[in-house]
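[1] can't give you the sequence, but here's the structure:
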């Protein structure tokens, strides 16, 4: 009965609200968030109907005002979401819109009295789907904030990866490495914040897996693994010691392993997990481990320990070959795999040839001892 009365009141005041919203549209700021929930909300709180006298409001007037506020709020959320969801060729601008939407949802959740606000949000998710994509609907604002934060993190991550793609030389890459690591840490912080959003506990049946805390934590580990990879590569460009670079690569592999364990340890939360995602985690873990071991093989060669270098580089090759079945269905992965094969297998062939002609050392039966994994990146806390 209460809901029916509220709906009737919303219909009565819709014209008045639309007139107010038109005023807000005319004054909209550049971020795409309407002032009634963007700038003005931050400064003054949510808009109230204006009264020309100081008499107390009747119960009917209070309900009318409440209905007006809820209708305005729902329209503002839809407007901000449309800006956040609209693809923009400028990744930085898209990222700003995505964060603005997260800020709006965060402010909405702070209003504990908004129990009557009911919304539905549709998302297309690639993580939840075993293959391809799924269109799923969310009916909870807190869960929507989780997925919106994941979307914002993905925008930040794409911006970071684009910087790497735009690097034309190793010198360019060395310059952008620091900023790329910073952006990936921001993305990880946003995903950790998503995992900490309080929602009614429910399994992810019928909702995107991104709305589950364990998936958000797993995705945060992926961003940290990528940040650690860039850090290891930068350390290599800076000519740091091979064992140091190796330990950084092992640290990156550890992040991917932690991401995998997070999903497998909470499999009951999900109705589906993307097969492509699980392959990506395994591919990155094994490829990064191969790179870490190869660094130690090169270190042995620099110490003229060619027998140990051959055994260590052979161990690197074995880890690398685990990636082949995973790379066969993705041309981009196969390109990375083949490039790494050329480097590692080429180094191994060169070592064996040098040993036959120059060093005459017996090949070791086992690789050298590996350094401990060293993780040097962490999430940057997100402030909304």
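    Arrived safely. What you see is a predicted model; the values in this text were computed from it and never measured. Numbers count the residues shown, from 1 in each chain.
[2] Make sure I have this right: residue 136 is in a strand.
    Yes - under DSSP: H, G, I helix; E, B strand; the rest coil, residue 136 falls within a strand.
[3] what element comes up after the helix or strand hosting residue 298 heading to the C-terminus?
    Assigned by DSSP states H and E, residue 298 falls within helix 275-302. Following helix 275-302 in sequence order, the next helix or strand is helix 306-321 (DSSP H and E).
[4] List the buried residues in that following helix.
    Buried residues in helix 306-321, counted by 16 or more other C-beta atoms under 10 Å: 306-317, 319-320. For the C-beta atoms, the positions are set from N, CA and C on the backbone; glycine is no exception.
[5] how many degrees apart are it and helix 275-302 in direction?
    Interaxial angle, helix 306-321 versus helix 275-302 (axes from the mean of the first three to the mean of the last three C-alpha atoms, to 10 degrees): 170 degrees.
[6] now what about helix 306-321, what contacts it?
    286-287, 289-291, 293-294, 296-298, 300-301, 337, 340-341, 344-345, 347-348, 351-352, 354-355, 359, 361-368 (C-beta atoms under 8 Å, 6 or more residues apart in numbering).
[7] which among these end up buried?
    By neighbour count, with 16+ other C-beta under 10 Å, the contacts of helix 306-321 hold 286-287, 289-291, 293-294, 296-298, 300-301, 337, 340-341, 344-345, 347-348, 351-352, 355, 364, 367-368 as buried.
[8] Report the residue spans of this structure with pLDDT below the cut-off.
    Residue ranges of the chain with pLDDT under 70: 1-57, 61-63, 66-67, 70-71, 85-89, 112-118, 128-130, 166-168, 200-205, 271.
[9] what about the strands in it?
    Under the criterion DSSP state E, strands of the chain are mapped to 121-125, 134-138.
[10] With mean neighbour count added, can I get those strands in TSV?
    TSV is the format used below for the strands of the chain (neighbours: other C-beta atoms under 10 Å):
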stretch	mean neighbour count
strand 121-125	17
strand 134-138	17
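[11] Adding distance to residue 263, write those strands out as JSON lines.
    Shown next, in JSON lines, are the strands of the chain (distance: least, C-beta to C-beta, whole Å):
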{"stretch": "strand 121-125", "distance to residue 263": "15"}
{"stretch": "strand 134-138", "distance to residue 263": "17"}
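[12] Ok, which of those comes nearest residue 68?
    strand 121-125 (22.4 Å; C-beta to C-beta).
[13] tell me the angle the closest one makes with strand 134-138.
    Put simply, strand 121-125 runs at 150 degrees to strand 134-138, going by the same axes, to 10 degrees.
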